[in-house]
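1. Model the following, please.
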Amino acid sequence: MKSSISNLVPRFERWARLAPLALALTLGMGSALAQFNRPPDSFQSVTVTAGGNSQSDGSTGSGSAPSSAFAAVIGGGAGEPSVSSAFATTTLGVGSVSGSLGTAFAGPGSASARAEAYLGDGLTLNANTTEGVARLHFSVMLLGTSETFLDSTAVPGGVQGKAGDLNTLFVLGIDDHFASWDTYKTLNYDGSTLLESYQTGSGPNGRTYGVFNFVAELPLGYEVPLDFYMLLTSDLNAAGISTNGAAYTDESPGLYWNGISQVTARDGTVLDYSVSSRTGVNYLLSVAPLVTPEPATWLLALAGLLPLMLWRQRAARDAAQAAEWPQNP
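-> Numbers count the residues shown, from 1 in each chain. Next up, the predicted model:
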């Protein structure tokens with residue numbers, strides 16, 4: 001199903017405190033358009049914190065080859081009552097943004113992670129019409145997965161409420177038209193997870209992930225901006241309750257350009273056309289990246305599970321010591 005991207009209004013209210021990109025809604029010509037305050041250049045940034053330890057990485061600009069940023073940290077250790085870890089990674093590819101992050105804790109530890117990436121490019125459309133504008137028919141894909149877990153059996157009696165969250169936001173922009181996909185996972189101390197999902201694009205069965213088809217009316221002969229934006233965040237156990245849990249999302253391949261199907265006039269007449277880009281990327285075709293995660297991604301995922309492994313080892317050791325301890329008659 002196709003939808004006009006010019007009539008889409010992204011739901012940015014809940015992300016206003018998270019995203020440094022200034023977003024606002026304006027009204028014009030009877031339809032609402034999201035105005036995107038674009039950064040001056042592509043960038044990526046990751047920040048992680050666990051057990052009082054922090055690490056960050058980032059870069060500005062994007063070249064012809066994919067570039068990545070990543071950070072991983074572990075808090076706690078031998079003799080401490082808790083252990084936690086966090087990792088985050090982003091990748092700017094050809095016409096795509098992707099990334100992953102994870103937080104995990106055992107005992108009263110806490111962890112947080114944030115991954116942000118923006119890829120900016122420019123498109124110039126030309127077509128055999130005298131109207132000065134034409135309608136670009138194109139699609140993008142968004143693919144990823146996420147998991148959350150918390151051991152409610154280890155939560156002290158009477159403790160309720162929110163234990164953490166795992167949130168994702170993707171934005172596609174072309175000229176002054178925008179679409180967004182955002183999900184909010186709330187992890188509770190009773191072990192349940194509440195998922196809220198919003199998207200201004202139409203996808204298969206209303207899902208966040210899938211193929212999204214759009215039509216955008218663009219001026220001919222002028223470069224218009226093309227934007228890909230991603231924000232991933234997670235915070236676990238800020239209250240310091242003694243239990244264990246984890247949150248992980250792998251937004252890879254992430255959001256990427258899936259090609260142009262046709263260009264038409266306003267009356268639907270199919271036009272001959274050409275498209276060029278500022279970076280030299282051929283947006284006529286899909287720029288689908290490799291689905292297989294890089295080895296570094298698997299390594300970071302393992303780091304995210306480390307607290308639970310250490311917790312289980314510590315619990316097994318304590319149980320063994322308790323069994324060997326002499327019992328009172």
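2. neighbouring strands for the helix or strand in which Asp182 is found, and are they parallel or not?
-> Assigned by DSSP states H and E, Asp182 falls within strand 177-188. Its sheet considered, strand 177-188 pairs with strand 162-174 (antiparallel), strand 193-199 (antiparallel) by DSSP bridges.
3. immediately after the last one, which helix or strand?
-> Sequence-wise, the next helix or strand downstream of strand 193-199 (DSSP H and E) is strand 210-219.
4. which residues of the chain score low on pLDDT?
-> Residue ranges of the chain with pLDDT under 70: 1-36, 77-80, 201-207, 290-329.
5. try 50 this time
-> 1-2, 6-34, 202-203, 292, 295-296, 298, 329 (pLDDT under 50).
6. for it, what spans make up the helices?
-> 295-324 (DSSP state H).
7. What residues are bridge-paired with Tyr185?
-> No, residue 185 isn't Tyr; it's Lys. Leu166, Leu195.
8. burial count for it?
-> 20 (other CB atoms under 10 Å). Backbone N, C-alpha and C define where each C-beta goes, glycine included.
9. In CSV: the strands paired with strand 177-188, plus distance to Phe87 and mean neighbour count.
-> Formatted as CSV, the strands paired with strand 177-188 follow (distance: least, CB to CB, whole Å; neighbours: other CB atoms under 10 Å):
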stretch, distance to Phe87, mean neighbour count
strand 162-174, 13, 24
strand 193-199, 20, 15
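10. got CSV for those strands, with distance to Arg278 too?
-> CSV is the format used below for these (distance: least, CB to CB, whole Å):
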stretch, distance to Arg278
strand 162-174, 13
strand 193-199, 28
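11. Figure out how far the strand holding Asp182 is from the centre of its chain.
-> Counting by CA atoms, centre = their mean, to the nearest Å, strand 177-188 is centred 9 Å from the centre of its parent chain.
12. can you check stretch 273-281 too?
-> Relative to the centre of its chain, stretch 273-281 is centred 26 Å away, using CA atoms, centre = their mean.
13. For Phe43, name its beta-bridge partners.
-> Thr60, Tyr118.
14. Now do the same contact list for it.
-> Counting by CB atoms under 8 Å, 6 or more residues apart in numbering, Phe43 touches Gly58, Ser59, Thr60, Gly61, Glu116, Ala117, Tyr118.
15. quick one: contacts for the closest residue in space to the fourth one that isn't next to it in sequence?
-> Nearest in space to Gly61, with sequence neighbours left out and distances taken as CB to CB, 6 or more residues apart in numbering, is Asp41 at 5.4 Å. Shown here is Asp41, whose contacts under the criterion CB under 8 Å, 6+ apart are Thr60, Gly61, Gly120.
16. cool, Asn126 as well?
-> Leu220, Gly221, Tyr273, Ser274, Val275.
17. Nearest to Gly51 among these?
-> Val275 (49.7 Å; CB to CB).
18. Pretty sure that closest one sits against Thr124.
-> Yes - the criterion here is CB atoms under 8 Å, and Val275 meets it with Thr124 at 7.0 Å.
19. Any chance of a ChimeraX selection covering the buried ones in the contacts of Asn126?
-> Selection of buried members from those for ChimeraX, criterion 16 or more other CB atoms under 10 Å:
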select :220,273,275
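20. how about the contacts of Asn126 in a markdown table, adding distance to Gly161?
-> Output for the contacts of Asn126, formatted as a markdown table (distance: CB to CB, whole Å):
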| residue | distance to Gly161 |
| --- | --- |
| Leu220 | 55 |
| Gly221 | 57 |
| Tyr273 | 55 |
| Ser274 | 57 |
| Val275 | 51 |
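21. Just the closest of the contacts of Asn126 to Leu101, please.
-> Out of the contacts of Asn126, the member with the shortest distance to Leu101 (by CB to CB) is Val275, at 33.8 Å.
22. Around Val270, how many other residues sit close by?
-> Residues near Val270, counting by other CB under 10 Å: 11.
23. quick one, what contacts it?
-> Gln262, Val263, Thr264 are the contacts of Val270 under CB under 8 Å, 6+ apart.
24. what's the distance between it and Thr130?
-> Separation of Val270 from Thr130 (CB to CB, to the nearest Å): 16 Å.
25. Which residue, other than its chain neighbours, is closest to Ser110?
-> Asn237 is the one closest to Ser110 (CB to CB, 6+ apart), at 4.5 Å.
26. who touches that neighbour in this structure?
-> With CB under 8 Å, 6+ apart, Asn237 has these contacts: Ser84, Phe105, Pro108, Gly109, Ser110, Ala111, Ala163, Gly164, Thr243, Gly245.
27. Roughly how far does the second one sit from Thr90?
-> The one in question is Phe105. 23 Å.
28. same deal with the last one?
-> Between Gly245 and Thr90 the distance is 24 Å, computed by CB to CB.
29. what about these two, which has more around it?
-> The neighbour comparison of Gly245 against Thr90 (other CB under 10 Å) goes to Thr90, with 30 against 27.
30. Is it correct that that one is in contact with Ser96?
-> No - Thr90 is beyond contact range of Ser96, at 11.1 Å (criterion: CB under 8 Å).
31. Perfect, I'm done here.
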